[in-house]
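[1] can't give you the sequence, but here's the structure:
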């Protein structure tokens, strides 16, 4: 198995889990804050899609689908154009609301498909390319892709947990 195949498998796991969280989820549960004020499922899934869109686009010199494919307008969240959710305060988190998971899932699917496309084109040498010199040591493409994979898996796990908390509170 090549490194790109491992990355494709890992990013595929994110997609499976995002769809499992959204499957049959009602709008109230999608947007509700779990007890204690944790982030809602909607915010967690939107954030992981935005981070993947932002970081993969940057690493490959592409435009973010958020902008180039009109997702910012379609989702209509009213947040600053480059917002990915980092550092959101409670009022900003509350602004990330959806009438259903379908449109949110559509944005995630578009980002996921683009990510798979660029991953399929990778060579081992590509993974060594420096994509961010602001760090010491500088960040390679391979490290950036694993970082996004890790972040997204954590957020989809949080979304699954939040869904479970909210549904058990309703029972």
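    On my side now, so go ahead. Source: prediction; values computed, not measured. Numbers count the residues shown, from 1 in each chain.
[2] ok, residues contacting the helix or strand bottoming out on mean pLDDT in the chain?
    Within the chain, no helix or strand scores below helix 90-95, which has a mean of 91 by mean pLDDT, DSSP states H and E. Residues outside helix 90-95 that contact it (CB atoms under 8 Å, 6 or more residues apart in numbering) are 33, 37, 39-40, 43, 77-79, 83, 85. C-beta coordinates here come from the backbone N, C-alpha and C atoms, glycine included.
[3] let's see 10 Å
    For helix 90-95, the external contacting residues (CB atoms under 10 Å, 6 or more residues apart in numbering) are 31, 33, 37-40, 42-44, 46-47, 77-80, 83, 85, 88.
[4] and what of stretch 19-39?
    With CB under 10 Å, 6+ apart, stretch 19-39 has contacts from 40-47, 85, 88, 90, 93-94, 96-102, 104-105, 108-109, 112, 155-167, 169-170.
[5] in that stretch, what counts as buried?
    Residues of stretch 19-39 classed as buried: 21-22, 25, 29-34, 38-39 (neighbour count, 16 or more other CB atoms under 10 Å).
[6] Name the nearest residue to residue 48, sequence neighbours excluded.
    Distances taken as CB to CB, 6 or more residues apart in numbering put residue 155 closest to residue 48, at 4.1 Å, once the chain neighbours are dropped.
[7] Strands along the chain, start to end?
    For the chain, strands defined by DSSP state E occupy the ranges 130-132, 139-140.
[8] Highest mean neighbour count out of the ones you listed?
    strand 139-140 (a mean of 17; mean count of other CB atoms under 10 Å).
[9] which helices and strands does that one pack with?
    Here strand 139-140 touches strand 130-132, going by 3 or more CB pairs under 10 Å, 6 or more residues apart in numbering; DSSP states H and E.
[10] Does anything pack onto the strand it packs on? Which helices or strands?
    helix 41-60, strand 139-140, helix 141-170.
[11] and these as a markdown table, adding mean pLDDT?
    Conversion of the helices and strands packed on strand 130-132 to a markdown table gives the following (pLDDT from 0 to 100):
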| stretch | mean pLDDT |
| --- | --- |
| helix 41-60 | 98 |
| strand 139-140 | 96 |
| helix 141-170 | 95 |
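[12] Those into a markdown table, with extra columns for distance to residue 9?
    Converted to a markdown table, the helices and strands packed on strand 130-132 look like this (distance: least, CB to CB, whole Å):
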| stretch | distance to residue 9 |
| --- | --- |
| helix 41-60 | 16 |
| strand 139-140 | 20 |
| helix 141-170 | 10 |
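[13] show me the residues around residue 54 that make contact.
    Residue 54 touches 64-66, 82-86, 111, 148, counting by CB under 10 Å, 6+ apart.
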